[in-house]
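Peer 1: Next input, structure requested:
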Amino acid sequence: MRFAVLLAAVFPLLVAVVAPPAHAEMIGGNPGPQYNYVCPHADGQAPLECYFDAVEHLYTMCRNVKSIEIIEFGYEKSLEGTNGAKSESCLDKQKQNIARPYQAALKDAKKSKTLMERLHELHELWLSAMSQLTWRSGETDDDYKARVSRPYEQFKERIALIRTTVTTEAAPEKAKTPTKPGKTKQQAKAKTN
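Peer 2: Purely as a prediction, here's the structure:
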């Protein structure tokens with residue numbers, strides 16, 4: 001009986017402390033805590049920017065995990081048994097983490113087939129780079145480091161291409177100025193002069 005009374009008194013306080021807020025704060029296009037793990041350099045920016053940040057950031061996270069395995073076990077032994085389990089886990093985790101920003105970016109891009117295709121290409125590039133973080137037998141230290149650094153430039157090139165596509169496709173929309181029916185843009189402009 002005493003336990004039930006105590007539980008009845010404490011339970012509402014416990015629920016208030018543990019329960020999430022009614023609406024989550026948006027950070028970098030994602031609901032999240034004050035520190036945004038997925039796209040930390042894009043807080044408060046559009047979903048597309050969050051996705052771009054996540055591509056590079058999450059790749060870096062798994063690259064760092066793989067580097068730790070290599071330091072811990074050496075190149076050849078980093079592939080043996082369960083020695084690569086941390087990086088495999090990182091890959092699975094980051095695939096889950098990037099899903100939300102990727103879907104949000106696709107949602108924003110749904111009006112443009114070209115933009116959707118370019119986002120898919122960037123995502124495939126990211127997935128490929130993530131899966132190729134393992135050391136290849138016979139690869140020198142310099143070769144390995146150069147190979148796992150190369151995706152950063154590829155990401156930047158694809159992101160620049162996507163930004164150009166966004167700008168180019170947005171320009172015709174801005175050029176369309178509303179005029180009264182039956183009047184051309186030149187007539188509307190002449191009337192204002």
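Peer 1: Just the buried residues of stretch 152-169, please?
Peer 2: 155, 158, 159, 162, 165, 166 (16 or more other C-beta atoms under 10 Å). All C-beta atoms are positioned from the backbone trio N, CA, C, and that covers glycine.
Peer 1: Need the residues that contact it.
Peer 2: Residues outside stretch 152-169 that contact it (C-beta atoms under 8 Å, 6 or more residues apart in numbering): 48, 52, 55-56, 59, 112, 114-115, 118-119, 121-122, 125-126, 129.
Peer 1: Give me the buried entries from these.
Peer 2: 48, 52, 55-56, 59, 112, 115, 118-119, 122, 125-126, 129.
Peer 1: As a check, name the ranges of all strands in the chain.
Peer 2: 26-27, 30-31 (DSSP state E).
Peer 1: Show the residue spans covered by the helices in the protein.
Peer 2: 2-18, 47-73, 85-109, 113-131, 141-175, 185-192 (DSSP state H).
Peer 1: Looking at those, which one is packed in the most?
Peer 2: Highest mean neighbour count of the helices of the chain: helix 47-73, a mean of 20 (counted as mean count of other C-beta atoms under 10 Å).
Peer 1: one step back: JSON lines for the buried ones among the contacts of stretch 152-169, including pLDDT?
Peer 2: Below are the buried ones among the contacts of stretch 152-169 laid out as JSON lines (pLDDT from 0 to 100):
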{"residue": "48", "pLDDT": "94"}
{"residue": "52", "pLDDT": "96"}
{"residue": "55", "pLDDT": "97"}
{"residue": "56", "pLDDT": "96"}
{"residue": "59", "pLDDT": "97"}
{"residue": "112", "pLDDT": "91"}
{"residue": "115", "pLDDT": "94"}
{"residue": "118", "pLDDT": "96"}
{"residue": "119", "pLDDT": "97"}
{"residue": "122", "pLDDT": "98"}
{"residue": "125", "pLDDT": "98"}
{"residue": "126", "pLDDT": "98"}
{"residue": "129", "pLDDT": "98"}
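Peer 1: Residue 56 and residue 136: what is the separation?
Peer 2: Distance, residue 56 to residue 136, using C-beta to C-beta, to the nearest Å: 23 Å.
Peer 1: Fine by me, thanks again.
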